[in-house]
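**Q** Could you look at this predicted model? Sequence included:
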Amino acid sequence: MSHAFHLAAPSFTQNPYPVYAELRERAPVCQVEPGGFWAVSRYDDVVHVLKHPELFSSDTYVARTSTQDERLQREPLAVSDVNLLMSDPPVHTRVRQLVSGAFTPRAIARLEQRVREITTEQLDRILAKDTFDVMEDLAVPLPVTVISEMLGVDPSLRAEFKRWSDDTVSASMGRLSDAEVERVLRGRREMRAYFHEMIAERKRQPREDLISDILRGEVEYGELKGDDVLGMVALLLIAGNETTTNLIGNGTLALLENPDALRRLREDPSLIPGFVEEVLRYEGPAQFLMRRATQDVTLSGVAIPKGAIVLPIIASANRDPAQFPDPDRFDITREQRGNVGFGYGIHFCVGAPLSRLEGKIAFEEIFRRLPPFSREPGPVVWRAMFSLRGLQSLRLRFDGAARAA
Ligand code: HEM
């Protein structure tokens with residue numbers, strides 16, 4: 001049976017918000033395409049799902065990979081039982097401790113100087129041009145450089161990393177050509193080989209980096225096996241790339257569409273943290289999450305069967321008028337309590353302090369260093385990604401008069 005709503009259709013990718021509004025009003029818990037997954041769209045229901053891991057498990061590996069090409073399913077990147085994102089307590093609680101120390105707000109604050117340097121280097125290159133692509137020239141390189149340095153990988157492999165990360169995301173969309181499948185597999189093999197060697201090296205000779213920290217944590221945690229460390233590193237690399245990139249891209253677009261907000265932020269940079277939160281609410285890089293019902297369960301009066309895959313749509317919860325007044329208005333000073341752009345509960349984003357820092361510094365430096373700019377004519381093209389939201393590119397041009405001045 002096919003279902004009325006399709007969360008991977010091209011029109012949905014271009015603008016999902018009318019679909020979310022209709023779901024919230026007409027069918028707050030209902031099966032959708034692809035996969036007959038159960039979409040949950042109202043704020044209270046989304047929070048309820050995320051608050052109850054005993055009813056809605058994160059163990060969703062099979063469902064996540066089921067949409068992939070068979071050849072990709074046969075050769076996964078990492079085979080591990082301790083995946084942070086896809087585990088439940090008590091395993092989740094212990095695995096999370098292995099990485100959480102590196103991402104506390106205090107630990108992250110120490111990176112501020114370096115994040116600013118990387119941003120400045122990128123902006124220097126942008127300033128040498130008349131037109132630039134904020135995705136390619138800033139939003140992509142900034143997070144990939146930061147997470148690569150944290151992990152302790154060779155900066156010269158940055159382009160490879162981005163490719164590996166992109167391939168993982170495109171693999172989740174299904175419908176790949178033979179050539180694309182080959183490319184993804186080749187990338188997987190390269191990534192495995194690279195990290196296996198690096199992990200072995202850090203075991204022999206620990207350094208001051210995140211991989212060595214994870215290996216040190218093993219003493220308390222107990223032995224990590226096979227691909228466990230590789231799986232964690234891959235998750236951090238991918239989670240740290242696709243999302244923060246889109247926070248910067250989606251935020252820049254929101255500014256161009258809301259010139260009042262842009263003017264206020266240029267005048268008063270202390271408004272930037274509130275603006276970053278509003279981007280997470282209004283145009284969040286993570287649109288929906290995935291859970292599996294551990295038993296028959298009723299939500300908003302609808303019966304969900306045991307084993308069903310549930311999609312709590314955090315981007316719809318963030319536009320629910322029951323939680324956020326006038327939710328379709330972009331308002332950088334609105335009350336943000338209850339924003340679920342980084343998720344909610346035990347799986348709340350480990351990287352939140354890092355992406356908040358990167359977002360804040362990126363926009364501080366954009367406003368401080370770049371003269372006024374406008375969008376190059378042409379349509380806004382959103383990338384086809386399941387559950388994530390981000391732009392293909394965002395080409396900008398410095399406003400002539402201001403540049404000449
Ligand atoms: C704007 C940027 C980001 C957004 C919107 C975002 C969003 C999210 C969301 C919604 C979750 C919850 C997933 C769930 O409940 O199933 C999550 C988890 C996670 N995020 Fe992020 N994320 C961002 C940046 C980052 C960064 C920079 C890193 C690391 C470098 C990171 C690493 C993780 C990890 C490891 C988890 C799993 C945590 C767990 O399961 O306990 N994220 N993220």
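**A** All right, it came through fine. Residues are numbered from 1 along each chain as shown.

**Q** is stretch 383-397 up against the ligand anywhere?
**A** No - counting by Cβ under 6 Å from any ligand atom, the ligand is not contacted by stretch 383-397; separation bottoms out at 8.7 Å. No exception for glycine: its C-beta is placed from N, CA and C like everyone else's.

**Q** can you point me to the longest helix in the chain?
**A** Using DSSP state H to define each element, the chain has its longest helix at helix 228-257.

**Q** is it up against the ligand anywhere?
**A** Yes - residues of helix 228-257 contacting the ligand under Cβ under 6 Å from any ligand atom: 235-236, 239-240, 243-244, 247.

**Q** Have a look at those and tell me the least confident one.
**A** Of all these, Gly240 has the smallest pLDDT value, namely 80.

**Q** which SS state does Leu311 fall under?
**A** What DSSP: H, G, I helix; E, B strand; the rest coil gives for Leu311 is strand.

**Q** Is it bridged to anything, and to what?
**A** Per DSSP bridges, the residues bridged to Leu311 are Ala39.

**Q** which residues does it contact?
**A** 7, 32, 37-40, 288-291, 387 (Cβ atoms under 8 Å, 6 or more residues apart in numbering).

**Q** Name the nearest of those residues relative to Asp331.
**A** Nearest to Asp331, judged by Cβ to Cβ, of these is Phe288 at 23.1 Å.

**Q** still on that earlier bit, buried subset of the residues of helix 228-257 next to the ligand, written for PyMOL?
**A** Buried residues among these (16 or more other Cβ atoms under 10 Å), as a PyMOL selection:
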select buried, resi 235+236+239+240+243+244+247
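
**Q** For Gly359, see how far away the residue lying closest to Leu394 once chain neighbours are set aside is.
**A** Leaving aside its sequence neighbours, Leu394 sits nearest to Val134 (Cβ to Cβ, 6 or more residues apart in numbering; 4.7 Å). Distance of Val134 to Gly359, given as Cβ to Cβ, to the nearest Å: 13 Å.

**Q** what sits in contact with each of these two?
**A** Ile248.

**Q** neighbour count winner among the two?
**A** Comparing Val134 with Gly359 by other Cβ atoms under 10 Å, the one with more neighbours is Val134, at 26 against 23.

**Q** Helices along the stretch 1-150 of the chain, start to end?
**A** 10-14, 17-26, 43-51, 61-66, 70-74, 91-100, 105-109, 112-127, 134, 141-151 (DSSP state H, counting those that start in this stretch).

**Q** Buried deepest among those, which one?
**A** Highest mean neighbour count among the helices of the stretch 1-150 of the chain (mean count of other Cβ atoms under 10 Å): helix 134, with a mean of 26.

**Q** What is it packed up against?
**A** helix 228-257 (3 or more Cβ pairs under 8 Å, 6 or more residues apart in numbering; DSSP states H and E).

**Q** tilt between the longest helix of the chain and helix 141-151?
**A** Orientation note: helix 228-257 sits at an angle of 160 degrees relative to helix 141-151 (axes from the mean of the first three to the mean of the last three Cα atoms, to 10 degrees).

**Q** Return the set of buried residues in helix 228-257.
**A** Quick answer for helix 228-257 (16+ other Cβ under 10 Å): 228-256.

**Q** how many neighbours does Gln295 have?
**A** Counted with other Cβ under 10 Å, Gln295 comes out at 11.

**Q** Could you double-check that it sits in contact with Ala308?
**A** No - using Cβ atoms under 8 Å, Gln295 is not in contact with Ala308, being 10.4 Å away.

**Q** Asp227 touches Val79, doesn't it?
**A** Yes - assessed by Cβ under 8 Å, Asp227 is found in contact with Val79 at 5.1 Å.

**Q** Quick check: residues of the stretch 51-200 of the chain near the ligand?
**A** Applying Cβ under 6 Å from any ligand atom, we find that the stretch 51-200 of the chain lies next to the ligand at 58, 84-85, 96, 147.

**Q** Can you name the two of those residues that sit furthest apart?
**A** That would be Ser58 and Ile147, which, of those, are the farthest apart (Cβ to Cβ) at 22.0 Å.

**Q** quick revisit: just want the angle from the longest helix of the chain to helix 91-100.
**A** 70 degrees.

**Q** could you give the angle of helix 228-257 to helix 112-127?
**A** Using the same axes, to 10 degrees: helix 228-257 against helix 112-127 is 50 degrees.

**Q** Can you name the next helix or strand after helix 228-257?
**A** helix 259-267 (DSSP states H and E).

**Q** Now that next one: buried residues?
**A** Neighbour-count burial for helix 259-267 [16+ other Cβ under 10 Å]: 261-262, 265.

**Q** same deal with stretch 34-43?
**A** 34-35, 37-43.

**Q** So the residue nearest to Leu394 is in contact with Arg397, correct?
**A** No - applying Cβ under 8 Å as the test, Val134 and Arg397 come out as separate, 11.2 Å apart.

**Q** Please name the nearest non-neighbouring residue to Trp382.
**A** Nearest to Trp382 is Thr13, by Cβ to Cβ, 6+ apart, at 5.2 Å.

**Q** Report pLDDT for the one you found.
**A** At Thr13, pLDDT is 95.

**Q** Same question for Arg383.
**A** pLDDT recorded at Arg383 is 92.

**Q** go on, Ala404?
**A** The predicted local confidence for Ala404 is 45.

**Q** how near is whatever residue of the chain ends up closest to the ligand to Glu278?
**A** Taking Cβ to the nearest ligand atom as the measure, the chain has Gly351 as its residue closest to the ligand, at 2.1 Å. From Gly351 across to Glu278, the span is 19 Å (Cβ to Cβ).

**Q** Fine, thanks again, bye for now.
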